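S.K.: 3D model of this:
(one chain, ligands or ions: 1)
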Amino acid sequence: MTPSLSIVIPTFNESGNIAPLLAEIDDTIDARTAVEIIFVDDSTDDTPEVISRQSAGRRGSVSLIHRAAATGGLAGAVADGLRVARGSWVVVMDGDLQHPPSVIPTLIAEGERTGAHLVVASRYIPGGDHGGLAGRHRVLASRLSTLAAKVLFRRLYRVSDPMSGYFAVRRTALRTDRLRPVGYKVLLEVIVRCQIRRISEVPYGFRERATGDSKSSVREGVRFLRHLARLRISTGSATLARPGEA
Ligand SMILES: Nc1nc2c(ncn2[C@@H]2O[C@H](COP(=O)(O)OP(=O)(O)O[C@H]3O[C@H](CO)[C@@H](O)[C@H](O)[C@@H]3O)[C@@H](O)[C@H]2O)c(=O)[nH]1
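M.R.: All right, here's what the predicted structure looks like:
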């Protein structure tokens, strides 16, 4: 069965979130849709066992990539999932329930309506909400990272949330051989390295984390800025389409 939709979910010690996440995905996706879920896991706890147990006997396919070496961190995990995804649309979302699965149909519908190659779930357009970002320092860090990305990458300024970890991309627009992901922000890597020009956005509410902790940190922030500089040097000032020009 060739899926029409792939869902790539990076996980690091998310054992408490797997069952409710799969239940919300089941409630959201039409049973007639051929879906594959790809967990890319670097956990040190029993998350892989929980994924295997919760996936037994489910409709659609669920695959688990438990990586021996967590190269590239979160972004590296997502890139590994993108490389094996077979769906016409590939959705990337977190495994901690902060990205509501109910937005998936809206992402795909927006892409089909506009012909966009990438649809970003944005916290920063009308109807969006960054509520789940714990603490003012996290909101400030997210805003500063977004500003840095927009300054370095010309015309990215109309992508309101280039730091989003929640998006849908057409598999035909992906050039996974070009990806050199490091750290936390895989969307920027996808937009710049794959030179994606037809981008649209939908609003969403970034939810409070249900269980477990964010792995984001100041160290990740420094890693992001270093990666941003490397990306800028290696690709130049990418000229990207503005959302809505799809
Ligand atoms: N495989 C793998 N998964 C990871 C790793 N680090 C984190 N994850 C997984 O990636 C997801 C997000 O990790 P968090 O640590 O909870 O990130 P966050 O601070 O909530 O930020 C997320 O949301 C932001 C807004 O969309 C994003 O900007 C950010 O990139 C990330 O997706 C979770 O499912 C977590 O288990 C890793 O090294 N390896």
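S.K.: helix or strand: which one has the residue in the chain sticking out farthest from the centre?
M.R.: Most distant from the centre of the chain: Gly57, at 26.3 Å, with distances by C-alpha atoms, centre = their mean. Using DSSP states H and E, Gly57 sits in no helix or strand.
S.K.: ok and the residue in the protein nearest the ligand?
M.R.: For the chain, the residue closest to the ligand is Gly165, as judged by C-beta to the nearest ligand atom, at 2.2 Å. (C-beta placed from N, C-alpha, C; glycine too.)
S.K.: in three-state terms, label the closest residue to that residue other than its chain neighbours for me.
M.R.: Nearest non-adjacent residue to Gly165, counting by C-beta to C-beta, 6 or more residues apart in numbering: Asp94, 5.5 Å away. With DSSP: H, G, I helix; E, B strand; the rest coil as the basis, Asp94 sits in coil.
S.K.: go on, Gly76?
M.R.: Under three-state DSSP, Gly76 falls in the helix class.
S.K.: contact partners for Ala141?
M.R.: Counting by C-beta atoms under 8 Å, 6 or more residues apart in numbering, Ala141 makes contact with Gly221.
S.K.: in CSV, list the C-alpha atoms belonging to the helix or strand where it lies.
M.R.: Secondary structure from DSSP H and E places Ala141 in helix 136-152. Provided in CSV are the C-alpha atoms of helix 136-152 (Å, rounded to 0.1, in the frame of the first residue of the first chain):
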residue,chain,number,x,y,z
ARG,A,136,8.8,34.5,28.6
HIS,A,137,12.4,33.6,28.0
ARG,A,138,11.3,30.8,25.6
VAL,A,139,9.0,33.2,23.7
LEU,A,140,11.8,35.8,23.5
ALA,A,141,14.3,33.1,22.3
SER,A,142,11.8,32.0,19.6
ARG,A,143,11.2,35.5,18.4
LEU,A,144,14.9,36.3,18.3
SER,A,145,15.7,33.1,16.4
THR,A,146,12.9,34.0,13.9
LEU,A,147,14.3,37.5,13.5
ALA,A,148,17.8,36.2,12.9
ALA,A,149,16.6,33.8,10.3
LYS,A,150,14.7,36.5,8.5
VAL,A,151,17.6,38.9,8.5
LEU,A,152,19.9,36.3,7.1
